[in-house]
Every structure is written in structure tokens, then in C-alpha cells.
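Q: I would like to see how this sequence folds:
(one chain, ligands or ions: 1)
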Amino acid sequence: MKLRQINDAVSCLGAVDWNRRLFDSLIPLPDGTSYNAYLVRGTEKTALVDTADPAKTELLMDQLAGVDRIDYLVANHAEQDHSGTIPHVLQRYPDAVLLATPKGKGMLVDLLCVPEERIRAVEDGETVSLGGKTLEFLYTPWVHWPETMSTYLPEDGILFSCDFFGSHYATTDLFAHDKATVYEAAKRYYAEIMMPFRPTIRKNLEKVKGRDVQLIAPSHGPLYDDPGFIIQAYEDWVSEDVKNEVVLPYVSMHGSTERMVLHLTNALAEKGVTVRLFDLAVTDLGKLAIALVDAATLIVGTPTVHVGPHPAVFYASHLANCLRPKLRYASIIGSYGWSSQAIERIAQLIPNLKVELLDPVVCRGYPREKDLQALDALAEAVAAKHRECASTGRG
Ligand code: FEO
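A: Predicted coordinates:
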């Protein structure tokens with residue numbers, strides 16, 4: 001990919017990573033990703049904002065072949081998918097000054113062994129003039145590391161936001177005009193790495209809204225020439241409002257738990273509650289994370305394995321606990337053969353979830369009529385709680 005001109009002074013470079021399917025050896029990337037960097041040319045100085053993943057270093061350095069000088073290299077974020085090519089850029093441009101937050105400076109030294117003397121820490125709100133173009137550095141912490149910042153170019157109303165507002169979405173489109181697709185990819189990205197930091201992100205959004213932003217240029221996925229689209233989406237995701245939805249991740253080994261899950265799903269649906277069902281044996285955990293962004297209730301379905309929940313349920317419960325979604329209610333359903341501590345074990349796994357626990361339904365063996373009636377009662381309890389949420393205007 002060549003440099004793509006955004007306007008007379010700003011161009012987008014970097015790489016589309018069509019085939020990457022896993023990030024951090026953890027996060028599924030069904031749609032690939034991209035690593036965007038931006039070149040900003042003033043009348044006196046030139047800046048490069050972010051770089052690319054180490055796997056794409058050669059590509060980025062080739063794109064810079066016609067760039068004689070870089071005066072400032074801005075590291076909005078020290079994670080390697082954006083900072084990995086920094087040592088190569090600093091080597092080719094020995095006079096370039098690397099700009100980062102104070103925390104970012106320490107991380108760039110630690111993670112990439114960048115010589116400390118090449119880095120200048122910038123203050124929140126500090127500006128650097130390129131001649132007719134200004135870079136303003138806005139601390140936007142915890143999107144998703146503590147050192148993250150965004151860079152604002154006031155003359156053009158462009159916000160270089162790095163991970164913030166980004167999407168793991170490989171595309172040839174420069175701009176996010178396929179809004180439905182980008183919305184899903186951006187929500188997945190928010191859910192997987194930013195959801196735990198909702199209160200801080202809310203403050204960051206206010207900071208961004210205090211600028212006249214005409215274009216958001218993230219370092220993953222397409223750019224937003226309609227910034228209101230993604231800002232509004234983030235405002236919804238970080239709000240305290242929950243939806244009339246149950247997320248129901250489950251595992252079933254011999255069909256008993258599945259029978260309970262399907263009965264509960266139907267009972268909830270009959271009461272007007274949307275259920276998002278995930279068989280953990282086959283599910284994409286990113287989809288589960290997306291569902292957790294808005295839902296009011298989490299119900300975990302598990303069989304019993306060696307007295308506790310199924311290992312896949314351990315993993316999913318731990319994940320939900322780490323992501324700290326804005327859930328209000330939770331419950332557990334499932335089956336066991338001879339004895340079970342599944343309820344206690346799962347409860348221990350989710351201390352971060354500030355939820356009201358609704359009566360669990362756990363039965364020995366295959367569910368009988370009384371167990372199905374207990375599931376009906378759980379469905380009614382969930383529906384009643386959701387009606388309460390709606391009546392308080394926080395539903
Ligand atoms: Fe895209 Fe946190 O790096």
C-alpha cells in the first residue's frame with residue numbers, strides 16, 4: 001500500500017494485515033486488522049504519528065523511502081503493534097525526536113530499548129508547531145494502557161486517536177462508510193480491551209468533544225469522516241444504561257444443561273427478553289464480549305466437572321470478570337451427577353461484577369418438571385428486574 005493522501009498536509013500509511021487471526025495470543029481477529037500511521041507535513045517540520053507492527057516494518061520503511069526528514073515521531077501508545085517500527089525510524093532519521101507521555105517514555109525504553117535521550121515526554125495539552133500545522137497532545141489514558149494519548153491537529157480538525165475508536169478490520173476503504181460492518185468491528189474492539197475502563201473513557205470522550213473534530217484517524221481500521229458516528233457509539237457503550245438482554249454462555253456435556261438452557265431461553269423470549277446464547281465449546285469469545293457490552297443480565301450454564309464448573313466456564317467467567325461489563329444481575333443454571341460446588345466456584349470467579357445474584361437453578365441429572373418450573377421462575381425474576389431497569393430510565 002502506498003501513502004494515501006488525506007489532505008495536502010496529511011497522509012495515511014501503514015499496513016493492512018489481512019490474515020492476522022489472533023492478537024496478544026488471545027483476542028480473535030475474524031476480520032484481520034490494520035496498523036495506521038500518519039505523516040503530517042508543516043512548512044517547517046514533518047511528524048510521523050505512530051508506526052506499525054514489527055511484522056510490517058519493511059512495508060512501513062518502504063513507504064517512508066521518499067520522506068527526507070522526520071523531525072518528530074509521535075508515539076501515542078507504546079504497545080508494539082504501533083511502536084514496533086520506532087527503532088527503525090529513529091535509526092533512519094537520527095535527528096528525529098520521539099514524543100510520548102511520561103509513562104509512554106518509560107514503556108518505550110522498557111519494551112523497545114529505545115535510548116532515553118531520543119525521547120521527550122510531552123505534557124497534557126502541550127503543543128508542537130510544524131509550521132502552519134500544530135500537534136496538540138491530549139492524554140487519553142486507559143484506552144487501553146495507562147500511557148495512551150491522542151494527538152489533535154487543530155488546523156484540520158483531525159484527531160489521531162491510536163487504539164481509541166479503532167477497529168480490527170482489514171479493508172481497502174480509507175473511510176468508515178460501511179457503517180454496519182465497522183460498528184461491529186469497533187464494538188468488538190471496545191469490548192475486548194477497553195470495556196474495563198468505562199469511567200475513564202467517559203472522561204476521554206468529554207475531552208475529545210471539547211475539540212472541533214472533523215475527522216478521527218485511528219491506528220486500526222478505517223478513518224471516520226463522520227466522527228459523530230463513532231463518538232455516539234462509544235457514548236452508548238460507556239453509559240450506565242443496560243438493555244433488556246440476557247447473555248447466556250454455557251457448556252453441556254450430555255445434554256442436561258443444554259435442556260435447561262433451551263427451556264430458559266424460550267421462557268425469557270416469551271417474556272420479551274432478548275437472549276444471546278453462546279455454546280462455549282464453539283463460540284467466538286469476541287462475540288461473547290460484544291454481547292456483554294450492553295446486557296443487563298448474565299446467566300451461566302454449566303455441567304459439573306470434578307465438583308466445579310466445566311473448565312470452559314471457568315475461562316468465560318474469568319473473562320467476564322476481567323472485562324467488568326455493566327451487568328446488573330447474574331445467575332447460574334446447570335446439572336450435576338453426584339455433588340456440585342459449581343455455584344460457589346463461579347461466584348468466586350466474578351468478584352468484579354457488581355451484580356445482584358438471582359436464585360440459581362441446579363439439578364441432579366436430567367431436568368424434571370420441578371426444575372423446569374424453577375427455570376420459569378428465574379425467567380420471570382429476570383423479566384421483572386429488567387422492567388424495573390426500564391422504569392428507572394436506566395434500561
Ligand atoms: Fe493497537 Fe494497544 O495496541
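
Q: Doesn't S34 belong to a strand?
A: Yes - under DSSP: H, G, I helix; E, B strand; the rest coil, S34 sits within a strand.

Q: Next, count neighbours for the residue nearest to it when sequence neighbours are not counted.
A: Distance criterion CB to CB, 6 or more residues apart in numbering; nearest residue to S34, sequence neighbours excluded, is V16 at 4.5 Å. In this view, the C-beta of every residue, glycine as well, is placed from N, C-alpha and C. The number of residues packed near V16 is 19, by other CB atoms under 10 Å.

Q: what does the one 10 residues further on give?
A: Other residues lying near L26 total 10 when counted by other CB under 10 Å.

Q: separation between it and C322?
A: When distance is defined by CB to CB, to the nearest Å, L26 is 11 Å away from C322.

Q: Show me the helices in the stretch 201-350 of the chain, by range?
A: Here the stretch 201-350 of the chain has its helices, by DSSP state H, counting those that start in this stretch, at 227-238, 256-270, 285-292, 311-323, 342-349.

Q: need the contact list for L138.
A: D124, G125, M149, S150, T151, Y152, K207, V208, R211 (CB atoms under 8 Å, 6 or more residues apart in numbering).

Q: I figured the last one hits S150, correct?
A: No - the pair R211 and S150 fails to qualify as a contact (CB atoms under 8 Å) at a distance of 9.4 Å.

Q: And those two? Which one has more around it.
A: The neighbour count for R211 versus S150, taken as other CB under 10 Å, is higher for S150 (29 against 16).

Q: Secondary structure element holding that one?
A: strand 149-153 (DSSP states H and E).

Q: what lines up beside that strand in the sheet?
A: In the sheet containing strand 149-153, its partner strands are strand 134-139 (antiparallel), strand 158-162 (antiparallel), by DSSP bridges.

Q: Can you go through the contacts of L138 and name the buried ones?
A: M149, S150, T151, Y152, V208, R211 (16 or more other CB atoms under 10 Å).

Q: Let's verify Y169: helix, strand, or coil?
A: coil.

Q: typo on my end, it should be F164
A: coil.

Q: Per-residue pLDDT of it, please?
A: The predicted structure scores F164 at 98 on the pLDDT scale.

Q: my guess is it meets T148, correct?
A: Yes - with contact defined as CB under 8 Å, F164 counts as touching T148 (7.1 Å).

Q: Which one's more surrounded, the two?
A: F164 (30 against 27).

Q: if I pick the more buried one, what's in contact with it?
A: With contact set as CB under 8 Å, 6+ apart, F164 has these partners: T140, V143, T148, S150, M194, I201, N204, P218.

Q: tell me the phi and psi of it?
A: phi -50, psi 130 (degrees, to the nearest 10).

Q: Distance check, it against H310.
A: Between F164 and H310 the distance is 36 Å, computed by CB to CB.

Q: Does anything pack onto the longest strand along the chain? Which helices or strands?
A: Ranked by number of residues, the top strand in the chain under DSSP state E is strand 295-305. Counting contacts by 3 or more CB pairs under 8 Å, 6 or more residues apart in numbering; DSSP states H and E, strand 295-305 packs against strand 243-250, helix 256-270, strand 308-309, helix 311-323, strand 329-336, helix 342-349, helix 369-391.

Q: In ChimeraX, how would I select the buried members of the contacts of F164?
A: Remark: buried members of the contacts of F164, expressed as a ChimeraX selection using 16+ other CB under 10 Å:
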select :140,143,148,150,194,201,204,218
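
Q: Pick out the residue of this protein closest to the ligand.
A: Going by CB to the nearest ligand atom, the ligand is nearest to E79 of the chain, at 3.7 Å.

Q: can you list the domains in the chain?
A: 4-238, 243-387 (automatic domain parsing).

Q: Quick one: end-to-end distance for stretch 344-362.
A: Stretch 344-362 stretches 12 Å from its first residue to its last (CA to CA, to the nearest Å).

Q: can you list the residues that contact that stretch?
A: 260, 264, 297-298, 300, 302, 308-309, 313-314, 317-318, 320-322, 324-325, 327-336, 340, 342-343, 371, 374-375, 377-378, 381-382, 385.

Q: Using CSV, lay out the strands paired with strand 149-153 together with distance to the ligand.
A: As requested, those are exported to CSV (distance: least, CB to the nearest ligand atom, whole Å):
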stretch, distance to the ligand
strand 134-139, 16
strand 158-162, 7
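
Q: most tightly surrounded among those strands?
A: Highest mean neighbour count among the strands paired with strand 149-153 (mean count of other CB atoms under 10 Å): strand 158-162, with a mean of 28.

Q: starting at the chain centroid, how far to it?
A: If you compare the mean C-alpha spot of strand 158-162 with that of the full chain, they lie 16 Å apart, counting by CA atoms, centre = their mean, to the nearest Å.

Q: Work out which residue lies at the spatial centre of the protein.
A: Y190 (2.4 Å; CA atoms, centre = their mean).

Q: how about that residue, secondary structure?
A: Classified using three-state DSSP, Y190 is helix.

Q: and it, what is it in contact with?
A: Y234, W237, V293.
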